[in-house]
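[1] Dropping the sequence and predicted coords here.
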Amino acid sequence: MGGSTRSPGVLQRDDASSQSRYQRLSQRMLDLSGDRGVLKDVIREGSGELVTPDASVLVKYSGYLEHMDKPFDSNCFRKTPRLMKLGEDITLWGMELGLLSMRRGEVARFLFKPTYAYGMLGCPPLIPPNTTVLFEIELLDFLDSAESDKFCVLSAEQQDQFPLQKVLKVAATEREFGNYLFRQNRFYDAKVRYKRVRLL
């Protein structure tokens, strides 16, 4: 009848061996995006609250292509990682979705399909067109700056209407930003934050 004499077990082994490394890895990862475009594997659990949508995050990350051992992008070799604001400083949609699923101290591995990474065009010469990339991310810390950002653009009269507890929370957030910037030797930026705290 022309049918194969191979057993199902042999077929499964052949299928597995024909899969790429990322395809095999993706089978045990959690789907964050609902279309398997952003997949996550937790390496080390974090603690506390999840990253908030308007947060500024302090992360270590390395990005890899499937057939390369060395990262095409990494900030792990920098002495002090830069604080990055979600929606502004992070350009990969997949990374933003991934970070929103993380807690302080967490280390996770993510696979980003092209739609959530560098798209159909890639990013020549480093990233080929239509490429799935892997990122390993460690969330060192994050600051929820949404309330502070909204408060600081209000007029003095509007700020006076805020309850004391909210004003104190904004002041604490601004102080944390100032301390972080001071540790990075960004003294002018730290001074701006400290001045806001004093005014509050």
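    Done, it's in.
[2] Let me see the ranges of the helices in the protein.
    8-18, 21-26, 93-99, 146-152, 156-160, 164-183, 187-199 (DSSP state H).
[3] now those helices as TSV including mean pLDDT and mean neighbour count?
    Using the backbone N, CA and C atoms, a C-beta is placed for each residue, glycine as well. Compiled in TSV, the helices of the chain are given as follows (pLDDT from 0 to 100; neighbours: other CB atoms under 10 Å):
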stretch	mean pLDDT	mean neighbour count
helix 8-18	48	10
helix 21-26	90	14
helix 93-99	96	22
helix 146-152	77	16
helix 156-160	81	10
helix 164-183	84	16
helix 187-199	82	14
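[4] Which one, of these, ends up nearest to Tyr61?
    Proximity to Tyr61 (CB to CB) singles out helix 93-99 among the helices of the chain, at 7.5 Å.
[5] Against which helices or strands is that closest one packed?
    Packing partners of helix 93-99 (3 or more CB pairs under 8 Å, 6 or more residues apart in numbering; DSSP states H and E): strand 38-44, strand 55-64, strand 107-112, strand 133-144.
[6] In PDB, could you pull the C-alpha coordinates for that helix?
    This file holds the C-alpha atoms of helix 93-99, laid out as PDB (Å, rounded to 0.1, in the frame of the first residue of the first chain):
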ATOM      1  CA  TRP A  93       7.800  45.100  22.200                       C
ATOM      2  CA  GLY A  94       8.600  41.500  23.400                       C
ATOM      3  CA  MET A  95      11.100  42.800  26.000                       C
ATOM      4  CA  GLU A  96       8.500  45.200  27.400                       C
ATOM      5  CA  LEU A  97       5.900  42.300  27.600                       C
ATOM      6  CA  GLY A  98       8.500  40.100  29.200                       C
ATOM      7  CA  LEU A  99       9.500  42.700  31.800                       C
END
